[in-house]
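# Sequence plus predicted model, see below.
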Amino acid sequence: EDQVTQSPEALRLQEGESSSLNCSYTVSGLRGLFWYRQDPGKGPEFLFTLYSAGEEKEKERLKATLTKKESFLHITAPKPEDSATYLCAVQASGNQFYFGTGTSLTVIP
Amino acid sequence: DAGVTQSPTHLIKTRGQHVTLRCSPISGHKSVSWYQQVLGQGPQFIFQYYEKEERGRGNFPDRFSARQFPNYSSELNVNALLLGDSALYLCASSLEGGSRPQHFGDGTRLSIL
């Protein structure tokens, strides 16, 4: 069964304290893995797409990596404005999309 | 440039009624997808349309249907509403129907009484 699992469910960090969010997946024929950020009351905001194992993408304090079974979103020296829910999604070969339940990140000043 | 726009932003219906939600994609985007997001959960995929044809379907009952118009805008229709249909309905657009990034609107909040 195709599924996406994100961990931890919630994460509290001090400002400047780096950490990683995990997205593990089982899917038939991965076409792409996507990371999004979602703020309360808003739609998800696109961050990264990864297509193959070994691929990495970076944007400001965020870095996404991909292996054959999981993806990590590394947050370096986070700031309070990085507080949000981070969602991982995969696209399967049947053109279906599967989202995880997200990691709620709180960065404390 | 305008992002993905959805209407209405909020809607209240009663059980058994029908609802139509609307979505306008980003200019130049030809693919539209619909998702249902229940509070505290990730979005669940309902449909993807590309060039007016259905390209993907999630595990939702036949009460859910959608279509895409020549200008690439889209409608999601839900018949015989149930209490469990209360959710945030999100629309996302992408350049094409492949594995391109999807860009989301802020959704329609549907409440069923």
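That came through fine.
# would you say B:G84 is within a helix?
Yes - counting by DSSP: H, G, I helix; E, B strand; the rest coil, B:G84 is part of a helix.
# near chain B, which residues of chain A?
Residues of chain A lying near chain B by CB under 8 Å from any CB of the partner chain: A:4, A:6, A:31-32, A:34, A:36, A:41-46, A:49, A:51, A:87, A:89, A:91, A:94-102. For every residue, glycine as well, the C-beta is placed using N, CA and C.
# what's near enough to touch the residue nearest the centre of chain B?
In chain B, the centroid-proximal residue (CA atoms, centre = their mean) is B:W34; its distance is 3.1 Å. Contact partners of B:W34, counting by CB atoms under 8 Å, 6 or more residues apart in numbering or on different chains, are B:23, B:45-48, B:66, B:74, B:76, B:89-92.
# repeat for B:R67
Here B:R67 is in contact with B:49, B:52, B:74-75, B:77 (criterion: CB under 8 Å, 6+ apart).
# which two in the residues you listed are spaced the farthest apart?
Using CB to CB, the pair of those lying farthest apart is B:K52 and B:N77, separated by 15.5 Å.
# Which elements pack onto the helix or strand of chain A at the bottom of the mean pLDDT ranking?
Lowest by mean pLDDT, DSSP states H and E among the helices and strands of chain A is strand A:97-99, with a mean of 93. Judged by 3 or more CB pairs under 8 Å, 6 or more residues apart in numbering or on different chains; DSSP states H and E, strand A:97-99 is in contact with strand A:3-7, strand A:84-91, strand B:31-37, strand B:44-50.
# swap the cut-off to 7 Å and go again
For strand A:97-99, the packing partners by 3 or more CB pairs under 7 Å, 6 or more residues apart in numbering or on different chains; DSSP states H and E come out as strand A:3-7, strand A:84-91.
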